[in-house]
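Visitor: for reference, the sequence and a predicted model appear below.
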Amino acid sequence: MILVKPSFEIMTDIRTIPKILSIIEDAGRTCYKSEKRGEPHLFVASLIKRGHESVIEHANISVKIICDRGVTHEIVRHRLASYSQESTRYCNYKGGVTFVIPPWIKFDAGEYNHKFCSSWEVPFNADQTWFASMLDHEDQYISLLKMDWSPQQARSVLPNSLKTEIVMTCNLREWRYIFKLRISSAAHPQMREIMIPLLEKFKEIIPVVFEDIQINK
């Protein structure tokens, strides 16, 4: 069994950001029939300040997110996006199942087996109970594969903590909406665990579009 922390990767080449801003400027100036002045970030900033955010829909950013399947069940509810997700129907985890460590669980990332918990006293505490449950899910899944169940059948015993990878592409306006919703203190802790650092990265690579979104940790 492998335990991992959630992570993400910006797949869009950040060297194209100036071109992205230029496209937004061209689109926006089409509305006003105004001439380009060589400072697209200033024009984009003025659009956002005025609430004319439909123009930033002309630019997309793609991100690969590694998280548990429970989080992706919420992510894919955002409809103005394109998704490609790791398939439990076709991916065979007979070599070992990978799970994502929730932020409230105090285990380090790494590879584990039953020997790790052989000395624990019973009853287990909450963290140990989660850990033992993941081991049991892995055992059940691999046992079913050995009984000639296909991956799409055996997946029925896998929990929300199963690691999955999902590529998500959204236009910039939709990313702004997603961040405002998913970094809220009312959002699920595992969603915030991904979305807060992702927003911080977006602020770094394209600040003019995202710098006004406040993060309350």
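Guide: Thanks, I have the structure now.

Visitor: count residues in the vicinity of the closest residue to residue 217 other than its chain neighbours, would you?
Guide: Once flanking residues are discounted, residue 217 sits nearest to residue 196: 6.8 Å by Cβ to Cβ, 6 or more residues apart in numbering. All C-beta atoms are positioned from the backbone trio N, CA, C, and that covers glycine. A count of nearby residues for residue 196, using other Cβ atoms under 10 Å, gives 17.

Visitor: swap in residue 101?
Guide: Using other Cβ under 10 Å: residue 101 sits among 23 other residues.

Visitor: quick revisit: would you check that the residue nearest to residue 217 makes contact with residue 216?
Guide: No: between residue 196 and residue 216 there is no contact under Cβ atoms under 8 Å: 9.4 Å.

Visitor: pull up the overlap in contacts between the two.
Guide: The overlap between the contact sets of residue 196 and residue 216 (Cβ atoms under 8 Å, 6 or more residues apart in numbering) consists of residue 183.

Visitor: hmm, back to that, helices or strands up against whichever helix or strand the residue nearest to residue 217 is part of?
Guide: Here residue 196 sits within helix 189-205, counting by DSSP states H and E. Secondary-structure packing of helix 189-205 (3 or more Cβ pairs under 8 Å, 6 or more residues apart in numbering; DSSP states H and E): strand 7-10, strand 60-68, helix 69-75, helix 172-182, helix 207-210.

Visitor: for residue 26, find the nearest of those.
Guide: Comparing the helices and strands packed on helix 189-205 by their distance to residue 26 (Cβ to Cβ), the top pick is helix 172-182, with 14.7 Å.

Visitor: show me what counts as buried in the closest one.
Guide: For helix 172-182, the neighbour count (16 or more other Cβ atoms under 10 Å) marks 172-176, 178-179, 182 as buried.

Visitor: include pLDDT when you put those residues into CSV, please.
Guide: Shown next, in CSV, are the buried residues of helix 172-182 (pLDDT from 0 to 100):
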residue, pLDDT
172, 97
173, 97
174, 98
175, 98
176, 97
178, 98
179, 98
182, 97
